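Novice: Following is a predicted model, sequence given first.
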Amino acid sequence: MNQRLAKLRAKIAEVGLDGLLVTAPVEDTFKSVGANRRYLSGFTGSVGTLLITPEAAFIAVDFRYYEQAQREAPDFTLFPATGPLGTWFALLVGAAGLAGRKLGFQPGDLTVATYQAMTKAVKAMPAADRPKLLAAPPLVDQMRAVKDAEELATVQRAVDLADEAFEAVARRIEPGWTETQVAWEIEKHVRERGGDALSFETIVAAGPWSAMPHAYPRAEKRIEAGEPIIIDMGARVGGYCSDLSRTLILGKGNGQFAKIYDIVLAAQETAEALIRAGMSGEEAHLTAHNVIAEAGYGDNFGHGLGHGVGLQVHEAPRLAKTSKDVLAEGMVFTVEPGIYVSGWGGVRIEDMAVMENGRPRVLSRAPKTSVL
């Protein structure tokens, strides 16, 4: 954690700030929005605020988390945050020596209500003690986009568990299973094999329902032979997520399924072969999109090719049309082209990869056999 703090302090100085607040926009009940706070401190509680300056690092939490914060965030000084923000914010600023100094915050970390409470608390302070609140660039998000060796090892564990869960459940699916039954079997496998949780609610979508990229599993839908089934799932291990999509068909498929599946697979394999460090997210996206467009289905691939994965299942970088994110060594991201035909269904194939020696190294190993 000390290395991360040192790196962040250098970034804070580069943008001309004297300190940075790091928090989460809402209570992190499901361990999905407090990633910046956890990344810097190790604190896994649902509520808390970090304040980092060149000389100090504070973690402000209420009574529920005193012991946990001291145990999980030893590099931070505990600051009791009792009651509404207005009752303790000025004291925290004073303890950090930020009177009259530039205090930054990441806009994505705050709700409008929290920002309003913060500005109100500042206005109530004596004029000489007031910090200047400034919106900062996404400094912590930028740091998180590049994984260190320990993070990569944990991500691989999450990937391996998702691969294992998919293989174990996919080979058992039969006509008559419901979509929710498939989703439950996946979740049960992840939990029983030591996963913290799912990365997100598993998507299982069969037939025309699979034409919606973010469909949800239905309790009443019984899977039929010959229809496409998209399974999009992930496991969380040690706080880190994985993300995996495969498309299956039970029994003998039809010509349309085979055609579309082959196009999507070719697009994915092309992208994994051509993506390079230094590309923009848009350039990476086009490596797959051009294959699909040339096959006549460009309008049926409407989402981005991929996204970063780490403490959150969706984080930097973005591989998508108009994305200016630059792909760099150590970034972990998905490669997930798809084709979706309303009234028929969809096909999506998704791997996770890490940029290593200038090109993607695929982490996912789940089979891509489409017919069961």
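Specialist: Alright, I've got the coordinates. Everything numeric in this text was worked out from a predicted model, so none of it was measured. Numbers count the residues shown, from 1 in each chain.

Novice: Unless I misread the structure, residue 75 falls within a strand.
Specialist: No. Going by DSSP: H, G, I helix; E, B strand; the rest coil, the assignment for residue 75 is coil, not a strand.

Novice: Distance of it relative to residue 299?
Specialist: Distance, residue 75 to residue 299, by Cβ to Cβ, to the nearest Å: 51 Å. Glycine gets a C-beta too; all of them are placed from N, C-alpha and C.

Novice: do the same with residue 337
Specialist: From residue 337 over to residue 299 (counting by Cβ to Cβ), the distance is 14 Å.

Novice: between those two, which one's more packed in?
Specialist: residue 337 (29 against 10; other Cβ atoms under 10 Å).

Novice: For that one, give me its contacts.
Specialist: 264, 267-268, 271, 288-289, 291-292, 301, 305, 348-349 (Cβ atoms under 8 Å, 6 or more residues apart in numbering).

Novice: do the same with residue 15
Specialist: Going by Cβ under 8 Å, 6+ apart, the list of residues near residue 15 reads 104, 136-137, 139.

Novice: just residue 291 next, same as before
Specialist: So residue 291 contacts 263, 266-267, 270, 337 (Cβ under 8 Å, 6+ apart).

Novice: could you redo the last one with a cut-off of 10 Å?
Specialist: Contact analysis of residue 291 by Cβ atoms under 10 Å, 6 or more residues apart in numbering lists 263-271, 274, 297-298, 301, 337.

Novice: Next, it: secondary structure please.
Specialist: Going by three-state DSSP: residue 291 is helix.

Novice: now the strands: where do they sit in the stretch 251-372 of the chain?
Specialist: Secondary structure of the stretch 251-372 of the chain (DSSP state E, counting those that start in this stretch): strands located at 306-308, 315-319, 332-335, 338-341, 345-348, 351-356, 359-362.

Novice: what's the closest of those to residue 124?
Specialist: strand 315-319 (35.6 Å; Cβ to Cβ).

Novice: I'd like to check the angle between that closest one and strand 351-356, please.
Specialist: For strand 315-319 against strand 351-356, the angle by axes from the mean of the first three to the mean of the last three Cα atoms, to 10 degrees is 100 degrees.

Novice: Against which helices or strands is strand 315-319 packed?
Specialist: helix 139-144, helix 281-294, strand 306-308, strand 332-335 (3 or more Cβ pairs under 10 Å, 6 or more residues apart in numbering; DSSP states H and E).

Novice: Pull out the buried positions in the last one.
Specialist: Translated: strand 332-335. Using 16 or more other Cβ atoms under 10 Å as the test for burial, strand 332-335 gives 332-335.

Novice: buried sites along stretch 116-135?
Specialist: Within stretch 116-135, the residues that qualify as buried are 117-118, 121-122, 130-131, counting by 16+ other Cβ under 10 Å.

Novice: cool, stretch 185-192 as well?
Specialist: 185-187, 189-190.

Novice: Now flag whichever of the residues you listed is closest to residue 37.
Specialist: Nearest member of the buried residues of stretch 185-192 to residue 37, counting by Cβ to Cβ, is residue 190, at 24.7 Å.

Novice: Not counting sequence-adjacent ones, nearest residue to that closest one?
Specialist: residue 235 (4.6 Å; Cβ to Cβ, 6 or more residues apart in numbering).

Novice: where does the one you found fall, phi/psi-wise?
Specialist: Residue 235 has phi and psi values of phi -120, psi 150 when expressed as degrees, to the nearest 10.

Novice: what comes up buried for stretch 159-169?
Specialist: 159-166, 169.

Novice: how about the helices in the stretch 1-150 of the chain?
Specialist: With helices called from DSSP state H, counting those that start in this stretch, the stretch 1-150 of the chain shows them at 2-14, 35-41, 66-72, 85-95, 112-123, 139-144, 149-170.

Novice: And the contacts of the third one?
Specialist: Same thing as helix 66-72. Under Cβ under 10 Å, 6+ apart, the answer for helix 66-72 is 1, 38, 41-45, 48, 59-62, 65, 76-80.

Novice: avg pLDDT for it?
Specialist: Across helix 66-72, pLDDT averages out at 98.

Novice: can you check the first one too?
Specialist: The predicted model assigns helix 2-14 a mean pLDDT of 96.

Novice: For it, list every residue counted as buried.
Specialist: 4-5, 8-9, 11-12.

Novice: Now flag whichever of these is closest to residue 203.
Specialist: residue 4 (32.9 Å).

Novice: The closest one: what's its closest spatial neighbour, skipping adjacent residues?
Specialist: Of all residues not flanking residue 4 in the chain, residue 40 sits nearest, at 5.6 Å (Cβ to Cβ, 6+ apart).

Novice: ok, that neighbour touching residue 141?
Specialist: No. Contact criterion Cβ atoms under 10 Å: residue 40 and residue 141 do not qualify, at 11.5 Å.

Novice: Between those two, tell me which one has more neighbours.
Specialist: Just comparing residue 40 and residue 141: by other Cβ under 10 Å the higher neighbour count belongs to residue 40, 25 against 18.

Novice: returning to what we had before: which residues are in contact with the residue nearest to residue 4?
Specialist: By Cβ under 10 Å, 6+ apart, the neighbours of residue 40 are 1, 4-5, 7-8, 20, 22, 50, 52, 57, 59, 73, 75-76, 140, 143-144.

Novice: Try it again at 7 Å.
Specialist: With contact taken as Cβ atoms under 7 Å, 6 or more residues apart in numbering, residue 40 is in contact with 1, 4-5, 8, 22, 50, 140.

Novice: next one: residue 243
Specialist: Contacts of residue 243 (Cβ under 7 Å, 6+ apart): 199, 234, 309, 313, 334, 350, 352.
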